[in-house]
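Colleague: Based on what follows, work out the 3D shape:
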Amino acid sequence: MKNFKNIVFFSGAGLSVESGIPTYRGEGGIWKNYNYQEYACQEAFARDPEKVWDFHDKRRALIKSCNPNSAHKIITRVQQEHPQTTIITQNIDGLHQRAGTKDVIELHGSIWRLRCPESDAIKENFEVPLPQRRCANNSWWRPDIVWFGDPLREETIQAALNALQQCDLFLCIGTSAVVYPAAQMPQIAIDNGAQTIEINPETTPISNLFKRRMQTSASRALKELFPEFADA
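Modeller: Okay, here's the model as predicted:
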């Protein structure tokens with residue numbers, strides 16, 4: 001592993017399972033218990049912002065009670081050792097940053113940021129529950145996350161593409177690989193000649209693309225791949 005210079009960690013909800021945060025579509029996933037059309041799309045927010053915020057306040061409280069796990073910490077150590085390491089994540093939980101990782105590309109935003117739909121102002125907020133749900137102009141703050149039907153920011157996609165085109169090692173950790181354009185990113189790395197590893201207890205629709213598959217937990221796999229950081 002020491003021979004690689006440009007490493008990309010591509011993380012999904014499975015990375016945070018060991019921290020106590022449920023996945024979205026896997027076993028015990030959020031969308032098996034909740035209808036996203038009522039809680040995670042712009043139409044639901046326009047229809048009943050209080051209901052949507054009650055749901056997201058519960059999620060913020062759950063996430064705040066969780067801590068980065070060994071996998072998050074190993075990724076941080078790898079980045080410290082290899083400064084050209086890039087983390088691209090579908091996660092909105094902020095656990096990469098809490099583990100000390102820098103310059104994380106958050107494809108789907110962050111539950112710890114608020115965005116005003118009227119002014120497009122963005123601010124961080126870690127209060128639980130959120131004490132003030134309205135902006136200064138009296139419109140509703142909304143979580144700065146990509147809901148179903150929302151487009152990804154062009155600058156975020158471009159930053160991810162730049163990293164994928166330059167990487168020589170691509171590790172895909174805990175993602176179901178069914179949401180686009182995120183699901184296309186492993187193929188981009190492969191097309192650019194990167195060594196590829198999938199870490200996921202479950203088989204995914206793109207498992208056959210990877211040169212190596214590790215059907216185990218993120219922390220166990222990363223300790224095997226980076227034994228020098230196994231104490232993280």
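Colleague: Please spell out which residues along the longest helix seen in the chain are buried.
Modeller: If you go by DSSP state H, the chain has its longest helix at helix 49-64. For helix 49-64, burial by neighbour count (16 or more other Cβ atoms under 10 Å) applies to 49, 52-53, 55-57, 59-60, 63-64. For every residue, glycine as well, the C-beta is placed using N, CA and C.
Colleague: Run through the chain and note the low-pLDDT ranges.
Modeller: 24-32 (pLDDT under 70).
Colleague: ok, back up a step: which residues sit against the longest helix of the chain?
Modeller: Identification of contacts with helix 49-64 by Cβ atoms under 8 Å, 6 or more residues apart in numbering yields 20-21, 34, 38-40, 44-45, 93-95, 111-112, 126, 128-130, 133, 140, 142-143.
Colleague: May I have the secondary structure class of E118?
Modeller: coil (DSSP: H, G, I helix; E, B strand; the rest coil).
Colleague: wait, K5
Modeller: Assignment for K5 (three-state DSSP): coil.
Colleague: thought it was touching T86?
Modeller: No: applying Cβ atoms under 8 Å as the test, K5 and T86 come out as separate, 11.6 Å apart.
Colleague: one step back: would you pull up how far the longest helix of the chain lies from the middle of the chain?
Modeller: On the basis of Cα atoms, centre = their mean, to the nearest Å, helix 49-64 sits 18 Å off its chain's mean C-alpha point.
Colleague: same thing with stretch 139-154?
Modeller: 15 Å.
Colleague: The spatially most central residue of the chain and N3, how far apart?
Modeller: Residue closest to the average C-alpha location in the chain (Cα atoms, centre = their mean): N91, at 1.9 Å. According to Cβ to Cβ, to the nearest Å, N91 stands 28 Å off from N3.
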